[in-house]
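Visitor: just the structure for this:
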Amino acid sequence: MNQGRKIRVLVAKPGLDGHDRGAKVVAYGLRDAGFEVVYTGLRQTPEQIASAAIQEDVDVVGLSILSGAHLSLTQRVLQKLKENGVGDKMVLVGGIISDPDAAKLKEMGAAEVFIPGTSIKTIAEFIKSKFGS
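Guide: Predicted coordinates:
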């Protein structure tokens, strides 16, 4: 991350999940907390998400997945980020995710998993703690 600029966060909805209210709440909340936020909209492919992460020069990729396909979609996004030379981006995952699946997501490379009800403050503090802000 460049010093002196806001932390840039991409909020993405991979897969066929059509529910984006939570993703929008997180996007607006992080913006209000001082982050620069890019929201990609619904039904993004892992390739589109990786491409957007590169084009927008983001520091964090946040995936909102409510379809139950969080393991496969997160794995594919992480793979596409690595293939495109940006595998060092912080990846966060949000959704209705069991503790065992959250552990698997972290083993894959997700920095953290947030479930419904997590406060924006908690998410913002987690991100800031990783960037020394």
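Visitor: give the next helix or strand downstream of the longest helix seen in the chain.
Guide: If you go by DSSP state H, the chain has its longest helix at helix 70-83. Sequence order places strand 90-94 as the next helix or strand after helix 70-83, per DSSP states H and E.
Visitor: for that next one, packing partners?
Guide: Using 3 or more Cβ pairs under 8 Å, 6 or more residues apart in numbering; DSSP states H and E, the elements in contact with strand 90-94 are helix 21-32, strand 60-64, helix 70-83, strand 112-114, helix 120-131. C-beta: built from backbone N, CA, C; applies to glycine.
Visitor: strands paired with the second one, and their directions?
Guide: When sheet partners are counted by DSSP bridges, strand 60-64 sits next to strand 8-12 (parallel), strand 90-94 (parallel).
Visitor: deepest in the core, which of those strands is it.
Guide: Comparing the strands paired with strand 60-64 by mean neighbour count (mean count of other Cβ atoms under 10 Å), strand 8-12 comes out on top with a mean of 25.
Visitor: what sits against A111?
Guide: Counting by Cβ atoms under 8 Å, 6 or more residues apart in numbering, A111 makes contact with 90-92, 126, 130.
Visitor: so which of the helices and strands packed on strand 90-94 gets nearest L10?
Guide: Nearest of those to L10, taken as Cβ to Cβ: strand 60-64 at 5.0 Å.
Visitor: could you give the angle of that closest one to helix 21-32?
Guide: 150 degrees (axes from the mean of the first three to the mean of the last three Cα atoms, to 10 degrees).
Visitor: could the strands paired with strand 60-64 be laid out in TSV, adding distance to S64 and mean pLDDT?
Guide: Shown next, in TSV, are those (distance: least, Cβ to Cβ, whole Å; pLDDT from 0 to 100):
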stretch	distance to S64	mean pLDDT
strand 8-12	7	98
strand 90-94	5	98
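Visitor: as CSV, those strands with distance to G62 would be great.
Guide: CSV is the format used below for these (distance: least, Cβ to Cβ, whole Å):
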stretch, distance to G62
strand 8-12, 5
strand 90-94, 5
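Visitor: kind regards, and thank you for your time.
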